[in-house]
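**Student:** with the sequence up front, the predicted model follows.
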Amino acid sequence: MLVKTFSSAVYGIESTTISVEVNVSTGTKYYIVGLPDNAIKESLQRIESAILSIGHRMPRQKIVVNLAPADIRKEGSAYDLAIAIGILAASGQVQEAQLSGYLILGELSLDGNVQPVKGILPIAIQAKKDGFEGIILPRSNAAEAAVVGGIKVLGIDCLQQVVDFFNGKTELPQTSSPLTNDAPTVAVSHELDFADVRGQQNIKRALEIAAAGGHNIILIGPPGAGKTMLAKRLPSILPPLTFEEALETTKIHSVSGNLSRKESLMNTRPFRAPHHTISDIALVGGGSSPQPGEISLAHNGVLFLDELPEFKRTVLEVMRQPLESRSITISRARFSVDYPASFMLVAAMNPCPCGYYNHPEKECLCGSLVVQRYLSKISGPLLDRIDLHIEVTPVEFNELTEQHETERSDLIRQRVIEARQVQEQRFSKEKDIHCNAQMPSRYVQELCLLDESGKKLLKNAMERLNLSARAYDRILKVARTIADMDNAERILNHHLAEAIQFRNLDRQTWLG
């Protein structure tokens, strides 16, 4: 007897519905076809034990399982439950009347219990698009799937519950979520706050501008000046995720298996800080079974690279294309997957190996050639893609010991949100543009107009600093953000001058 159930496969952050066709006929042996991986090939032992443990029989006949479409490779253990129900239905132990209306997912234990699986959110979204009545999945995954809405989400703990449901003996409780498209995420409190930072007003200003426009930023200064402390507080001034951003971010973390079982939808912007020993594949994603890398896990959030020159050169160079396109394509011989990678790059570094080059008090022990070699680890093309270059100087003793309150993160965040609202309104007709840093060149020419004095100021700066055309665009984008923070319609000269000064760590100027 031939029976068909339905499951799903995840490729990148998108899902494809898989038909699980089970035929029980005269003969012996168990066959599974349709490009299954080892985890699926080993499913027979798990399925047989689970079926026997709930008091049903495993057919001692020829069983053929086909995972269609057969030209797509299937991976993981999420097909166990769909295959088990197909076998039981094909052998007459489960009624097949309702099977076509439900997507079935779950890994089986030997005792018949169901284990959670990865990538549930994109699967639930695709199930709704494909018109399924509901989705049956492990109870610990149910809250994540319920975020989608418009589809029944039935959480189960064991195989027996699914058998009883399809046989009409019991009803499965539906899981619902209070989160909808009309309920944006709420700003959450952060343990780290800018109120903890003494002095460094110019650095706080630069980080506020970066947050307001989504710009990349690099902090360069001696050890102990506060570079890492400041960078770690950047998420506390970023605007809260919108529902669409939260959904897309959650999809990536769901596929990678990083989503907490207690968390149905991410409500904080990611902050990823990989160690400098990271490989290029771990950073951008990939592997034999491609998984999202750190740049995708930082999507809609911050990627912080501390001690930037200590990263391998090849690791840093692979970021050049994603920084421009805000996505990454992982290609293999048989397929390719796309991962979004729209992140803010925040980097920190010392100016030289000893850390005291250009220090106001301490003497640098490195020669100019050593400093040149150290800074050359950061290529010109990569540095060009960073909008704000900030020199961090040590905090003086009297600033450290001051007792007066400094500005809290929530006050800064409110200004950032107001600037972002201006940009959201400006780009309301564009689906993939939300802030000035994402502005394409055609908009730069239209929205970043300068008067004659502004053009002369920028021309002098480009000639003096030997800036590239890309740096020209980025200066204008930063100036547009500063103007937005001032609620100004046009870029004025003092907006442009402030944006230009944030390029003062380009290599030619830094080395004098």
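**Tutor:** Sure, I can see it. None of the values given here were measured: they were computed from a predicted structure.

**Student:** go ahead and name everything in contact with the lengthiest strand in the chain.
**Tutor:** When the chain is parsed with DSSP state E, its longest strand is strand 14-25. For strand 14-25, contacts defined as C-beta atoms under 8 Å, 6 or more residues apart in numbering pick out 1-10, 59, 61-69, 72, 74, 79, 82-83, 86-87, 89-91, 103, 119, 122-123, 125-127, 130. Any C-beta I mention is one placed from the backbone N, CA and C, and that applies to glycine too.

**Student:** filter the residues you listed to the buried ones?
**Tutor:** Among the contacts of strand 14-25, the ones that count as buried by 16 or more other C-beta atoms under 10 Å are 3-10, 59, 63-67, 74, 79, 82-83, 86-87, 89-91, 103, 119, 122-123, 125-127.

**Student:** how about low-confidence regions in the stretch 201-350 of the chain?
**Tutor:** Low-confidence segments of the stretch 201-350 of the chain, defined by pLDDT under 70: 261, 333.

**Student:** try it again with 80
**Tutor:** Low-confidence segments of the stretch 201-350 of the chain, defined by pLDDT under 80: 260-264, 287-289, 332-335.

**Student:** and the strands in it?
**Tutor:** Taking DSSP state E, counting those that start in this stretch, the strands of the stretch 201-350 of the chain run over residues 217-220, 271-272, 285-286, 291-292, 302-305, 327-331, 336-340, 344-349.

**Student:** nearest to Ser264, out of the ones you listed?
**Tutor:** When the strands of the stretch 201-350 of the chain are compared by C-beta to C-beta, strand 291-292 sits nearest Ser264, at 19.4 Å.

**Student:** ok, which of the strands of the stretch 201-350 of the chain comes nearest Ile482?
**Tutor:** strand 217-220 (13.8 Å).

**Student:** so in that sheet, which strands flank that closest one, and in what orientation?
**Tutor:** Using DSSP bridges, strand 217-220 pairs in its sheet with strand 344-349 (parallel), strand 388-391 (parallel).

**Student:** give me whichever of those is most buried.
**Tutor:** strand 344-349 (a mean of 25; mean count of other C-beta atoms under 10 Å).

**Student:** for it, the distance to its chain's centre please.
**Tutor:** Distance of strand 344-349 from its chain centroid, counting by C-alpha atoms, centre = their mean, to the nearest Å, is 17 Å.

**Student:** which residues does it contact?
**Tutor:** 210-211, 214-220, 227-228, 231, 234, 298, 301-309, 319, 323, 378, 385-386, 437.

**Student:** if any of those are buried, put those into a PyMOL selection.
**Tutor:** Selecting only the buried entries of these in PyMOL, with 16+ other C-beta under 10 Å as the criterion:
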select buried, resi 210+211+214+215+216+217+218+219+220+227+228+231+234+298+301+302+303+304+305+306+308+309+319+323+378+385+386+437
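
**Student:** inside helices: which ones of the contacts of strand 344-349?
**Tutor:** When the contacts of strand 344-349 are checked against helices (DSSP state H), the matches are Ala210, Ala211, Lys227, Thr228, Ala231, Leu323.

**Student:** I'd like the residues you listed as CSV, with distance to Ile500 appended.
**Tutor:** Formatted as CSV, these follow (distance: C-beta to C-beta, whole Å):
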residue, distance to Ile500
Ala210, 16
Ala211, 20
Lys227, 22
Thr228, 27
Ala231, 23
Leu323, 21
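
**Student:** related to what we said a few turns ago, and the longest strand of the chain, which strands flank it?
**Tutor:** In its sheet, and by DSSP bridges, strand 14-25 pairs with strand 2-11 (antiparallel), strand 62-68 (antiparallel).

**Student:** save those strands as a markdown table, and put in distance to Glu396 and mean pLDDT too.
**Tutor:** Output for these, formatted as a markdown table (distance: least, C-beta to C-beta, whole Å; pLDDT from 0 to 100):
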| stretch | distance to Glu396 | mean pLDDT |
| --- | --- | --- |
| strand 2-11 | 54 | 93 |
| strand 62-68 | 67 | 94 |
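
**Student:** determine which of the ones you listed approaches Asp164 most closely.
**Tutor:** Taking C-beta to C-beta, strand 2-11 is the member of the strands paired with strand 14-25 nearest to Asp164, at 16.2 Å.

**Student:** ok, back up a step: of the strands paired with strand 14-25, which approaches Ser409 most closely?
**Tutor:** Smallest distance to Ser409 across the strands paired with strand 14-25 (C-beta to C-beta): 36.0 Å, for strand 2-11.

**Student:** gap between that closest one and the chain center?
**Tutor:** Using C-alpha atoms, centre = their mean, the offset of strand 2-11 from its chain centre is 27 Å.

**Student:** with only the CA atoms kept, save that strand in PDB.
**Tutor:** Taking C-alpha atoms only, strand 2-11 is exported to PDB below (Å, rounded to 0.1, in the frame of the first residue of the first chain):
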ATOM      1  CA  LEU A   2       1.300   3.400  -0.900                       C
ATOM      2  CA  VAL A   3       0.900   6.400   1.500                       C
ATOM      3  CA  LYS A   4       2.200   9.900   1.300                       C
ATOM      4  CA  THR A   5       3.100  12.200   4.200                       C
ATOM      5  CA  PHE A   6       4.900  15.600   4.100                       C
ATOM      6  CA  SER A   7       8.000  17.000   5.800                       C
ATOM      7  CA  SER A   8      10.400  19.800   5.000                       C
ATOM      8  CA  ALA A   9      14.000  20.500   4.200                       C
ATOM      9  CA  VAL A  10      15.900  23.800   4.900                       C
ATOM     10  CA  TYR A  11      18.400  25.200   2.400                       C
END
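
**Student:** Cys364 is nearest to which of the strands paired with strand 14-25?
**Tutor:** Of all those, strand 2-11 comes closest under C-beta to C-beta, at 51.3 Å.

**Student:** the inter-axis angle of the closest one versus strand 336-340?
**Tutor:** Using axes from the mean of the first three to the mean of the last three C-alpha atoms, to 10 degrees, the direction of strand 2-11 lies 50 degrees away from that of strand 336-340.
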